[in-house]
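A.B. asks: how would this look folded up:
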Amino acid sequence: MKALFSVAILASVMALTACGGGSSDSSGSSSSIQPNTQPTPTTPTTPSTNPTIKACAIEGTTITGTKGEECTFNNPKYNKGATSTLECPVTGGVKLGGISAGTKIEINGMTLLCK
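C.D. replies: Numbers count the residues shown, from 1 in each chain. Model (predicted):
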């Protein structure tokens with residue numbers, strides 16, 4: 001009987017040891033390998049060297065800019081009302097998109113001048 005008791009104790013100890021008796025982690029977090037989450041570098045933008053362009057002077061159908069500057073205007077009769085830029089070069093003349101003239105541009109009932 002003594003031998004049977006010893007075997008039962010030994011079997012119990014071995015069963016408890018097999019369960020792993022070490023520390024447990026019940027935090028619920030798992031350690032898995034994460035994919036590469038490093039951000040992709042982007043090209044920095046260059047700050048604009050052109051300050052905001054002022055609006056052109058408008059009197060009736062005459063749109064006027066200042067020599068050496070650019071100005072913007074909107075007119076439903078030109079470019080479907082989109083904002084357009086009137087250029088007044090320092091050297092003289094008037095420019096509007098691909099149109100260039102000496103003193104003025106007359107288009108769609110508008111007169112574009114540089115003073």
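A.B. asks: Quick one: the strands in the protein, in order.
C.D. replies: 54-55, 57-59, 62-65, 69-73, 84-88, 94-96, 99-101, 104-107, 110-114 (DSSP state E).
A.B. asks: Residues touching the shortest one, excluding its own?
C.D. replies: By that I understand strand 54-55. 69, 71-73 (CB atoms under 8 Å, 6 or more residues apart in numbering). The way it works is simple: take the backbone N, C-alpha and C, and place the C-beta from them, glycine included.
A.B. asks: can we see that at 10 Å?
C.D. replies: 63, 65-66, 69-74, 83 (CB atoms under 10 Å, 6 or more residues apart in numbering).
A.B. asks: same deal with the second one?
C.D. replies: Residues from elsewhere that reach strand 57-59, judged by CB under 10 Å, 6+ apart: 63-66, 71, 73-75, 110-111, 113, 115.
A.B. asks: Just the buried ones from the contacts of strand 54-55, in ChimeraX syntax?
C.D. replies: What follows is the ChimeraX syntax selecting those of the contacts of strand 54-55 that are buried according to 16 or more other CB atoms under 10 Å:
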select :63,65,70,71,73
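A.B. asks: Could you list the low-pLDDT ranges of the chain?
C.D. replies: 1-51 (pLDDT under 70).
A.B. asks: And for Asn108, the neighbour number?
C.D. replies: Neighbour count for Asn108, taken as other CB atoms under 10 Å: 10.
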